[in-house]
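**Student:** structure here, sequence nowhere to be found:
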């Protein structure tokens, strides 16, 4: 067995499969997932350690076996999505988007790595398409294991109704901390102003880019909230606070917890699959 279930909390609440949403987020050492009802009840959450860089057949087998071991049948859901981290992406407004040109949109900005494909995902909140690159083996493995899968980029998940609404009176800076990289989004007046990914090998580099972004967008003296999620811990959070007046951990939304143990889950680590 080449996978390991690190954490898994589930509820025995009876919810029809077609009234469930399954969200999966890839990381450098496996994937995390959440299962929610259409009425915003958190039904299950967990982490699975595996090798995302393994051959497609091996990864496919790990995904199928992991869900089988957890007695989860990930078929027939209302929604099933896979969030893949990508640093190659571009936003295209809906009225300008042409599906036949999606490769050209990305080719104009960067060279897509070998073994990677170009994918698109529509963000309803800002009526724009996110064009991004993703590992074909990984996406194919999950698509075979989970029919009907919607493939999304982490930046598209960061642009959500909660943060857009929060930026009505105060600007908002969203930071998603990952291993080796950090993702940033700026929101002002209920609009996305910027999204980008930078190489960050330490929290100090994450802070450096955050300060540089606030300077570029003239937010130093503006009323601004900073939201942080992902691979953040107490020490990293403490380092951020002196630089910004208002810093909060972003937990993705206000889901109703169905099991008491879920109250002890660090929801900010799962924000992309809870939003």
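**Tutor:** Thanks, I have it. It should be emphasised that the depicted structure is a prediction, and the values quoted were computed from it without experimental measurement.

**Student:** any idea how many residues pack against residue 67?
**Tutor:** By other CB atoms under 10 Å, 21 other residues sit near residue 67. Glycine gets a C-beta too; all of them are placed from N, C-alpha and C.

**Student:** now do the contacts for it.
**Tutor:** Applying CB atoms under 8 Å, 6 or more residues apart in numbering, we find residue 67 in contact with 73, 74, 145.

**Student:** closest to residue 243 among the residues you listed?
**Tutor:** Relative to residue 243, the closest of those is residue 74; by CB to CB it sits at 41.0 Å.

**Student:** do a quick rundown of the helices in the protein.
**Tutor:** For the chain, the helices defined by DSSP state H cover 56-69, 102-107, 136-145, 154-158, 161-166, 203-216, 234-240, 271-274.

**Student:** and residue 180, which of those is closest to it?
**Tutor:** Closest to residue 180 of the helices of the chain is helix 203-216 (CB to CB; 10.0 Å).

**Student:** who's in contact with that closest one?
**Tutor:** Helix 203-216 is contacted from outside by 173, 175, 177, 182, 184, 186, 194, 198-200, 219-220, 224, 226, 235-236, 239-240, 243-244, using CB under 8 Å, 6+ apart.

**Student:** now do it, average pLDDT.
**Tutor:** The pLDDT scores in helix 203-216 average 96.

**Student:** in stretch 49-60, what counts as buried?
**Tutor:** 49, 50, 52, 54, 56, 58, 59, 60 (16 or more other CB atoms under 10 Å).

**Student:** any of the contacts of helix 203-216 buried? List them.
**Tutor:** Among these, the ones that count as buried by 16+ other CB under 10 Å are 173, 175, 177, 182, 184, 186, 198, 200, 219, 224, 226, 236, 240, 244.

**Student:** need the contact list for the last one.
**Tutor:** Counting by CB under 8 Å, 6+ apart, residue 244 touches 173, 210, 224, 226.

**Student:** okay if I get the contacts of residue 67 as TSV plus neighbour count?
**Tutor:** Shown next, in TSV, are the contacts of residue 67 (neighbours: other CB atoms under 10 Å):
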residue	neighbour count
73	10
74	23
145	21
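
**Student:** so where do the strands sit in the stretch 51-200 of the chain?
**Tutor:** Along the stretch 51-200 of the chain, the stretches classed as strands by DSSP state E, counting those that start in this stretch are 79-84, 89-93, 116-123, 128-135, 150-153, 171-178, 181-188, 191-199.

**Student:** quick one: strands adjacent to the fifth one?
**Tutor:** Put plainly, it is strand 150-153. Strand 150-153 sits in its sheet next to strand 79-84 (parallel), going by DSSP bridges.

**Student:** any low-confidence regions in the stretch 151-275 of the chain?
**Tutor:** When residues are selected by pLDDT under 70, none of them lie in the stretch 151-275 of the chain.

**Student:** switch to 90 and redo it
**Tutor:** Where the stretch 151-275 of the chain drops to pLDDT under 90, the residues are 169, 218-223, 245, 252-256, 258, 263-264, 275.

**Student:** equivalent analysis for the stretch 1-150 of the chain, please.
**Tutor:** Using pLDDT under 90, the stretch 1-150 of the chain drops low at 1-2, 12, 14, 17, 72-77, 109, 113, 147-148.
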